[in-house]
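*Asks:* just to be clear, the model below is a prediction. Sequence and coordinates:
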Amino acid sequence: MIPIQHFLVLGAILFALGVYGVLARRSAVLILMSVELMLQAVSINFVAFAAYLAPQEFRGLIFAIFVITVAAAEVGLALAIVLRLFRNRATANVDEVDTLRW
Amino acid sequence: MVGMEHAWLLPTLPFGAFVLLLLLGPYLPRRGDWLAVGAVAASFVLYAFMLADLLGALDEGPFAGVASGIDWLRFGTFHVTLGFLFDQLSAVMLAVVTFVGTLIFLYSTGYMKGDPRYGWFFAAMSLFVASMATLVLADNLLLLYAAWEGVGFCSFLLIGFWHERRSAAEAAKKAFITTRIGDVGFLIGIVLLWREAGTFNLKEIFEFAEAGGYSREYLTLAVLLLFAGAVGKSAQFPLHVWLPDAMEGPTPVSALIHAATMVVAGVYLVARTMPLFDLADPVALHVVTALGLTTVLMSATIGLVATDIKRVVAYSTLNSLGLMMVALGSRDVTAAMFYLFVHGFFKALLFMAAGNVIHATDRQEVTQLGGLAAKMPQTAAAFGVGVLSMAALIPFSGFWAKDAILHGVSEHQNAAVTALVAFSAFLTAVYMARLYILTFTGRPRDHHAYEHAHEAPPVMLLPVLALAAISVVAGFWAFDGVGEALGFPGSIGKFVFFEEPVELKFPSAIAVASIVSVVAGLAVAGWAWWGEARPAQLLAQRFRPVYQLLWHKYYIDEAYQWVIDRIVLALGRAIAWFDRVVVNDTGVDGTAGLAAFSGFELKFLQTGRLPNYALAIAAGALVAAAVVLAVRV
């Protein structure tokens, strides 16, 4: 059996990549993809812990399903916003979208 | 049959008139004055029935009357019952309120004729009578206090009736504030009595006190605080300053409120709570005597030099009130109530006759009057009766009442007090005779006013003459025969008394001393002021400092003004500074300023740039993780 540490390290790497993507990227679409990476990193942790701590129960798995559902909904909404943004401003660069400020 | 159980109706009648006048006044014929007069007259009739009922139930002792009450407040174990009590004490007081009140209302229809606020005058007067009747009939201290404030409020309204005149507005304010000072003490006293006894009901408080429920010191403090209320309302030294100024009100107001009824409420209160005063330390009654005596001497001496006809009568009222307090200080409830009873008649008479003079001449200063007896003989005669009653010449009513007081004082007080009271009788005769001489005899000093003077119209003359007749005979209630003929158990001493029925006696020594001092006073006044008043002027020049002292009313108003200007206002300014600088600028404005400033600075965090926010979230998450780790380890 693969030790749980492997899964955790994989999750951590994925999460760090996601954080990096959110902070470093300027394209709204790439930022959304990075957020997806962070969400899936969390899902991996859920599934791993579920398998190792209480294999008879599905609590962790249910959470993973939830995360996927919410992520799908979130992407649907966010992509619609990005699309409207691109229609209006002809850009998806978040640095150029800063009118909501003091 | 109408009887004592209808006591609640007595204040309701004038109160109903007040409400109707307030709502419908301008639409009623004659602006509804007949409604007010009718309501007061009806309360007098009702009073007569109640009195007849009371006389039938007299065998039961001092609190013979019937009390009725309703539960007013009830929460938990605390409940307050409000009710009416009609007994001998309230009967005497109500006789003055309803009967003299009716006559004064009639008189007002003449005196106030043509006034732009004619209807409002009668509305306020009706409200006053309603409050006064409630005060007299209340069987508990809470209702009594409410009515007490009610009459004070009506007094304020009516003193300031001509509030366009600055002096009237000032006088109204002064009267209200000065009496409030005493009322604060009164309220604290009521609360003290209630705290131990758990009831406001007078009878229950008396029973509680007699069972020893209060400690002696506690009770003494409580009754002295009650007396503070009486000092304010009955204008005793040192809170007497409002009453002379209250003469700014219309004359019927002075007659009803500031002579016959409201100002004697303090006397009534002390008489009512006499069982408590009796159980308290003797020092309480000594305070009553001392303040009463101070008021008597002070007012009698000021009356010697005052020149406003109404103010002189007002000083004579102070004089009378002081006398009643001295009588109460001697535990002589009968004498005090007897004097209160006859005083209501002859003092209202004096005010209304003075009102006739003012109405006819439009002058109030005796330095502008004179010789009016020729122009208004009936008013002059009536005023003369009032003067002699006030001066207590035999056989006018004032004589019997004042002799009853003198007798009581000589039995309960030391010789010095008796001598001072007797001396005040002499002074009273002097200044009352002076007032009559300066107003009605001699040569007119203001010819214009004299030429236009005329006898008062019947509606103003008849009440005055009626009161004059009563002022002559009311004193005969001192005799058992008269009282029995009227259906009473005997003289007033057998009707109103504290503990034991009193046999009114007029020992020849006191009677002779009183008659001698009164005649001497009248003679001195005649010598000093008759004709050209030369001796009086010489005396005033010779003893100029004394004259100045009296003219300035012992500088008490000036002293109060100094205290207000220098101490009260300085304190006020200090508090105002604290309020403005510390509370407002620092506290209120400071908080708002801090919020505004921090908002101004912090808004720059809102850059609108997504990467900034993302970085902040990441950093925050790192910090949170670090904290969690640190706490775990």
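*Replies:* Here it is on my side, so go on.
*Asks:* from now on I want contacts and neighbour counts done on CA atoms only, so please keep to that.
*Replies:* Noted.
*Asks:* which single residue of chain B ends up nearest chain A?
*Replies:* residue B:608 (4.4 Å; CA to the nearest CA).
*Asks:* let me know the secondary structure of that residue.
*Replies:* coil (DSSP: H, G, I helix; E, B strand; the rest coil).
*Asks:* mind pulling the model confidence for it?
*Replies:* What the model reports for residue B:608 is a pLDDT of 85.
*Asks:* burial of it, as a residue count?
*Replies:* Each residue near residue B:608 was counted by other CA atoms under 10 Å in any protein chain shown, and the total is 18.
*Asks:* and it, what is it in contact with?
*Replies:* In this structure, residue B:608 makes contact with A:97-102, judged by CA atoms under 8 Å, 6 or more residues apart in numbering or on different chains.
*Asks:* and those residues, which is closest to residue B:536?
*Replies:* Minimum distance to residue B:536 across these is 89.4 Å, recorded for residue A:102 (CA to CA).
*Asks:* residues in contact with the residue most central in space within chain A?
*Replies:* Central residue of chain A (CA atoms, centre = their mean): residue A:36, 2.4 Å from the mean position. Residues in contact with residue A:36, defined by CA under 8 Å, 6+ apart, are A:18, A:71.
*Asks:* now it: which helix or strand?
*Replies:* Using DSSP states H and E, the element containing residue A:36 is helix A:28-53.
*Asks:* over to residue B:71?
*Replies:* Assigned by DSSP H and E, residue B:71 belongs to strand B:67-75.
*Asks:* which other helices and strands does the helix or strand residue B:252 falls within contact?
*Replies:* Element membership for residue B:252 (DSSP H and E) is helix B:251-255. Secondary-structure packing of helix B:251-255 (3 or more CA pairs under 8 Å, 6 or more residues apart in numbering or on different chains; DSSP states H and E): helix B:101-111, helix B:333-361.
*Asks:* residue B:58: neighbour count?
*Replies:* Residue B:58, neighbours per other CA under 10 Å, totals 17.
*Asks:* distance of residue B:419 relative to residue B:407?
*Replies:* Counting by CA to CA, to the nearest Å, the gap between residue B:419 and residue B:407 amounts to 12 Å.
*Asks:* list the buried residues in the biggest helix by length in chain A.
*Replies:* Counting by DSSP state H, the longest helix found in chain A is helix A:59-89. Using 16 or more other CA atoms under 10 Å in any protein chain shown as the test for burial, helix A:59-89 gives A:60-61, A:63-64, A:67-68, A:71, A:75, A:82-83, A:85.
*Asks:* tell me how far it lies from the chain's centre.
*Replies:* 9 Å (CA atoms, centre = their mean, to the nearest Å).
*Asks:* quick revisit: show me which of the buried residues of helix A:59-89 neighbour chain B.
*Replies:* The subset of those lying close to chain B, counting by CA under 8 Å from any CA of the partner chain, is empty.
*Asks:* save the residues you listed as TSV, and put in pLDDT too.
*Replies:* TSV is the format used below for the buried residues of helix A:59-89 (pLDDT from 0 to 100):
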residue	pLDDT
A:60	86
A:61	90
A:63	91
A:64	92
A:67	93
A:68	93
A:71	93
A:75	92
A:82	92
A:83	93
A:85	90
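*Asks:* now the two most distant members of these.
*Replies:* The most widely separated members of the buried residues of helix A:59-89 are A:60 and A:85, with 36.5 Å between them, by CA to CA.
*Asks:* spit out the contact partners of the residue most central in space within chain B.
*Replies:* Central residue of chain B (CA atoms, centre = their mean): residue B:263, 2.2 Å from the mean position. Listed by CA under 8 Å, 6+ apart, the contact partners of residue B:263 are B:233-235, B:257, B:321.
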